[in-house]
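> Sequence first, predicted model second:
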Amino acid sequence: MLKTLRLLFLLTSLAGLTQASTIHFVSLDTSNLSPSGTYFLAFQLGGGTEPGNNNIFLDNFSFGGGSASDVPLLSGGASGSLTAGVNITDSDSANYLIEQFTPGSLLQFQMQFTTNIDIGGIYDEFVWSILDDGFNPIPTLSDHPLDPALLITFDSATPAIQLFAATGGEFPAPVVDPSAVPEPSTWLLTGLGLAGLGLIKRRLA
Amino acid sequence: MPTIVPITRAGTIASTTGVMVLTSTDANGSGPYSPRSNGMFTDVDNLAVYEVLFSDPYVSEDFNISFTTSGFPQGVQPKAIVSFAPFYSTTGSGDASGPLPEPRFIDPCVTAPCFSLLPTSARTGDLVNVAISSRLATDSSAQLFNGAQIKLVAPGQPDITATSVRISGRVAIAAFNLAGAAAGKRDLVITPTVGAPIAAPNGFMVSATVPCSYTVGPMAPLFTAAGGSGSLVVSPVPVDCPWSASTADSWITLAPKQGSVQPISVGPNPDSIPRFGTVAIAGKTVTVQQRGGTCSYVSNIDPSNLAIPPSGGTITISISTSQSCQWWVQTAVTWLGQIFRSGYGNGSVTLTIAPNTTGQPLKEGIYLNDRTFIVSQAPQVCFTDLSAQVRVTRGAMLSNFAGTRYTQQLTFTNVSGATISSNISTVLGMTADRLAAPAASVLTCFPTAYYLAPIVPVTTAPLAAGQSVTVNLQFTPGKANGGTPPIYNLTVGTF
């Protein structure tokens, strides 16, 4: 019985470390974008061989003097808006949100996502692109077909976040806060697990 | 010295009695002369008439009458003329006969030598030799013919004089040219150098020219398919009528004629049906028949070399045979076109063979009548699999933000440990119409699983060990047009 409890706490603690979302603070200098231009923020998640196993949440958007239209174009497992927060699940459809925004000097938002790995060889991808008025991505230094400014391929538990500047100088590469820490719920879950382990150890002693 | 007068009775007289008159003439035919002795000329005027009896009136008989002449002038010869009366003696041999009926003499040779002619007729226009046989003794005949003029005469017609006379014993051969001679009887008149002319009245007949007619046989000779030789026999009437033979059929050969025979030969019949030809001969048309033979066929197919390239090609089969012979070309499988063609005589059939994309060698027969030609085709291999050398990482299948296309990035990494110098392509297991970009060709060769699938070029530059290259694919229709993300296999290799 005791061994069973100890294993349960251990698994709970590890699960919290794996599944709990990490908050990433993302910033993009948009000062080179024309305030009077028509731009869209586009976020897309999915495309792997195992749909429905990953999620990404974006919120706390600020535009540095700019604004969002609050009229999102939603597809597949995407919901929300730039104002209310964007939630995208990798359904078996095309999952994206597109919303027009008026650029200011600095675009910022927070990003949390799960990191499950698709079985089957094709991993989910998260793409953030900035579109022009024709819904075409502003070209970036990425060779990805969607010219992302930010690209995550969910091929590991700690996937790399790739950042790309626009090839035409419209914007530099985004900055993702490297000191991102787990959100409070993650810490809480992990702490509970460690406390449980300590309690068990004391009882054994 | 007794003189022997030979008497020959030729033919039958249906009588056993006859009358012989003995007279005497000199070389000029004068006479009779009175013998200086009794001899057997005991009658007055030196004319003795004897009745002779023949034992058999139906069999020729010869007998000699012997008498003595003396005191005759030089050159006088006794002459015996015998005529046979058509009556029967009721008395025995040697007895005196009863009174002789009239006429008592019917032989034309009463006062002149008898002639017999052969022939006794000829046609207008002929050159004819007439044998004139005298019944005189040989020396007398010679006296008669030597230097004599011999001609054919008729009232109102120009004389036809012998162009030459040859004498042999008691026979003179006189040549007459009957060109332009009118038809009709002619007297043969011999005018000796001494004495009065003598004639054979109506002894010769000039007949009108007779049109030639011919009988030819056989009129429909039949030959076997193997051919052979035979004869056409021509029977002209008159026999000397000219004739010739010819044919327009190349398979009939006419050798030079031999008398009344026209040799004919026929070559083998290459056709399966009988054939007919004609020979124009002596004014008639002979139909030559030949039975049909067995068809034979010659084709341009080399049985030992019927390997079709893997990329396909054409086979043109040319057939040579007789016009009446039917041929057919048949194949039984699709890759050879599955055809059936037929024709007569010379012809050709072209088979179009597609590339062999089955991955397996093909072998099948082409059937030309009862012959079979085996055609083989090696599989077409235009793809070398590089799956072991190149790792393919497929990015997520995402939609473009306009929803018009799906897009996916493929990353090709050289994991072979060495540079790959050959070009690298990938073939997608999908219909080519879904691939919007990049531009792709279509696979028309092995491997079969990807036949007609799009081939996407990856790189034509050498790919170093560990080096990667990416290709972004775009597919239509996109989500906005009702499309779903394509699901496909792929393989990588060099083409």
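Looks like it came in fine. Just so it is clear, the model here is predicted, and its values are computed rather than measured.
> quick one, helices of the chain?
Going with chain A. A:2-19, A:184-204 (DSSP state H).
> if you could check chain B rather than the one you did, that'd help
Using DSSP H, helices in chain B cover B:138-145.
> Where does the prediction get shaky in it?
Applying pLDDT under 70 to chain B flags residues B:1-114, B:137, B:302-305, B:338, B:446-448.
> and the gap between the nearest residue to A:F109 once chain neighbours are set aside and chain B?
Nearest residue to A:F109 in three dimensions, chain neighbours excluded: A:F61, at 4.4 Å (C-beta to C-beta, 6 or more residues apart in numbering or on different chains). Every C-beta, even on glycine, is put in place using the N, C-alpha and C of the backbone. According to C-beta to the nearest C-beta, to the nearest Å, A:F61 and chain B sit 18 Å apart.
> chain center to stretch B:483-495: distance?
Taking C-alpha atoms, centre = their mean, to the nearest Å, one finds the center of stretch B:483-495 at 77 Å from the center of the full chain.
> okay, how far is it across it, tip to tip?
30 Å (C-alpha to C-alpha, to the nearest Å).
> Counting neighbours, which bits of it end up buried?
Neighbour-count burial for stretch B:483-495 flags B:483, B:485-486, B:488, B:490-495 (criterion: 16 or more other C-beta atoms under 10 Å in any protein chain shown).
> Can you confirm whether it lies near chain A?
Yes: against chain A, stretch B:483-495 shows contacts by C-beta under 8 Å from any C-beta of the partner chain at B:P485.
> For burial, what's the neighbour tally of B:K363?
Using other C-beta atoms under 10 Å in any protein chain shown, B:K363 has 12 other residues around it.
> Could you give the bridge partners of the closest residue in space to it that isn't next to it in sequence?
Spatial nearest neighbour of B:K363, chain neighbours left out: B:S376 (4.6 Å); criterion: C-beta to C-beta, 6+ apart. On the basis of DSSP bridges, B:S376 is bridged to B:A307, B:K363.
> how much space between B:S376 and A:P174?
64 Å (C-beta to C-beta, to the nearest Å).
> With A:T140 instead?
Using C-beta to C-beta, A:T140 is found at 10 Å from A:P174.
> Enumerate the residues of the stretch 301-450 of chain B near chain A.
Residues of the stretch 301-450 of chain B lying near chain A (C-beta under 8 Å from any C-beta): B:394-403, B:406-409.
> So which of these are in strands?
B:394, B:398-399, B:406-409 (DSSP state E).
> ok, back up a step: what's the least confident stretch among the helices of chain A?
For the helices of chain A, the weakest mean pLDDT is recorded on helix A:2-19, namely a mean of 41.
> now, which of the residues of the stretch 301-450 of chain B next to chain A sits nearest chain A?
Of all those, B:A396 has the smallest distance to chain A: 2.5 Å, by C-beta to the nearest C-beta.
> and the closest one, how many neighbours does it have?
Applying other C-beta under 10 Å, we find 27 residues neighbouring B:A396.
> repeat for B:T350
For B:T350, using other C-beta under 10 Å, the count is 12.
> just B:L178 next, same as before
Neighbour number of B:L178 under other C-beta under 10 Å is 21.
> ok so, going back, and the buried residues of stretch B:483-495 as TSV, adding distance to A:V127?
TSV is the format used below for the buried residues of stretch B:483-495 (distance: C-beta to C-beta, whole Å):
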residue	distance to A:V127
B:G483	19
B:P485	15
B:P486	19
B:Y488	21
B:L490	22
B:T491	27
B:V492	25
B:G493	30
B:T494	32
B:F495	32
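> What about those, which are in strands?
Using DSSP E, those in strands are B:490-494.
> Nearest to A:V71, out of these: which one, please.
B:L490 (39.3 Å; C-beta to C-beta).
> Now do the contacts for that closest one.
By C-beta atoms under 8 Å, 6 or more residues apart in numbering or on different chains, the residues touching B:L490 are B:392, B:394, B:410, B:426-429.
> Of these - the most surrounded one?
Within the contacts of B:L490, most neighbours by other C-beta under 10 Å means B:V427, with 25 neighbours.
> excluding its backbone neighbours, what's nearest that residue?
That would be B:Y450: by C-beta to C-beta, 6+ apart, it lies 4.5 Å from B:V427.
> And the one you found, how close does it get to chain A?
19 Å.
> got it, and B:P256?
98 Å.
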